[in-house]
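In: make a model of this:
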Amino acid sequence: MLGRFCVVFAILGLLVLGAWLYARDWAPSRDEFPTQGVSISSDNGPIEWGTLAAQGADFAYIRAASGGRFRDPAFEANWAAARAAGMRYGASLDFSLCARASDQATGFMTMVPRDNAALPPVIRLGFEPGCHARPGQDAVLSELNTLINLIESHSGTPVVLNVSDDFDMQYGIASGINRTLWLDRNFFPPDSGKRKWVMWTASDMRHIDGIDGPVKWDVMPR
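Out: Model (predicted):
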């Protein structure tokens, strides 16, 4: 009996390992999603940008700031390196419910130069582990509109909102703010019949040459 259990556990272990190895290398088909790229921050460590581009990353969204105080220390180097590698590039801001919109906009604008070649700026909307504030919907939408107006005035292009499901469920971002949406969902595309979107984070666990460790892999449909 013990031997049978050992065999079963060994098989289950192999299945889990096989699923993990498949998931870490998986990306959606280029036929359906021809434009694919990465989300990058200082958390990813040093990046070999030429290798990353050669592995099929068409673009990179690079974190510039988070909340009202944090400026990503790798932003300037990553911004210049992505451009030198021939990739398209854009800047992102991690929104915080614990910081004023004006302070967050200042942090972003301080870091991100005006660049006509850059992709539209992205504001990432999700619940931070260290922020327990939960303002009402009207207050959040008002702050977001202020932030959006300031960043769009700086960049000269409309922002894209990368919103998590739980944040959208609580604050109604998709229906409350008229901006292009970027949604997150590992392996399974979001239902476009419910919310129209132009970008999808298809995996947050992909391993690819040029980056040490998992990276967010983002795709755009035809």
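
In: so residue 201 touches residue 188, yeah?
Out: No. Using CB atoms under 8 Å as the test, residue 201 is too far from residue 188 to be in contact (11.5 Å). C-beta: built from backbone N, CA, C; applies to glycine.

In: higher neighbour count, the two?
Out: Comparing residue 201 with residue 188 by neighbour count (other CB atoms under 10 Å), the higher total belongs to residue 201, at 20 against 8.

In: so how far is residue 95 from the spatially closest residue to that one that is not a sequence neighbour?
Out: Spatially, and ignoring its direct neighbours in sequence, residue 201 is nearest to residue 184 (4.2 Å; CB to CB, 6 or more residues apart in numbering). Between residue 184 and residue 95 the computed distance is 14 Å (CB to CB, to the nearest Å).

In: ok, the two, which is more surrounded?
Out: Neighbours per residue (other CB under 10 Å) separate residue 184 from residue 95, with residue 95 holding more: 23 against 20.

In: helix/strand/coil for residue 24?
Out: For residue 24, the assignment made with DSSP: H, G, I helix; E, B strand; the rest coil gives helix.

In: ok now do it, which residues does it touch?
Out: Applying CB atoms under 8 Å, 6 or more residues apart in numbering to residue 24 gives the contacts 205-207, 214.

In: I figured residue 56 was touching residue 36, is that so?
Out: Yes. Using CB under 8 Å, residue 56 is in contact with residue 36, at 6.4 Å.

In: what do those two both touch?
Out: Common neighbours of residue 56 and residue 36 (criterion: CB under 8 Å, 6+ apart): residue 27.

In: if you count what's nearby, which of those two comes out ahead?
Out: Between residue 56 and residue 36, counted using other CB under 10 Å, residue 36 has the larger neighbour count: 18 against 12.

In: what sits against residue 143?
Out: Listed by CB under 8 Å, 6+ apart, the contact set of residue 143 reads 100-101, 135.

In: which one of those residues is nearest residue 121?
Out: Nearest to residue 121 among the contacts of residue 143: residue 101, at 14.2 Å, using CB to CB.

In: count the neighbours of that closest one for me.
Out: Other residues near residue 101 come to 21 when the count uses other CB under 10 Å.

In: try the one 5 residues further on
Out: Applying other CB under 10 Å, we find 15 other residues in the vicinity of residue 106.

In: helix or strand for it, which one?
Out: Using DSSP states H and E, the element containing residue 106 is helix 101-111.

In: helix/strand/coil for residue 186?
Out: The three-state assignment at residue 186 reads coil, by three-state DSSP.

In: residue contacts, it?
Out: Residue 186 touches 201-205, counting by CB under 8 Å, 6+ apart.

In: which residue is nearest the centroid of the chain?
Out: Most central in the chain under CA atoms, centre = their mean is residue 39, positioned 5.0 Å from the mean C-alpha point.

In: how about the contacts of residue 186 in a markdown table, adding pLDDT, secondary structure and distance to residue 141?
Out: As requested, the contacts of residue 186 are exported to a markdown table (pLDDT from 0 to 100; DSSP: H, G, I helix; E, B strand; the rest coil; distance: CB to CB, whole Å):
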| residue | pLDDT | secondary structure | distance to residue 141 |
| --- | --- | --- | --- |
| 201 | 97 | strand | 23 |
| 202 | 96 | strand | 28 |
| 203 | 96 | strand | 30 |
| 204 | 95 | strand | 27 |
| 205 | 94 | strand | 32 |
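
In: before I go, just wanted to say thanks for your time.
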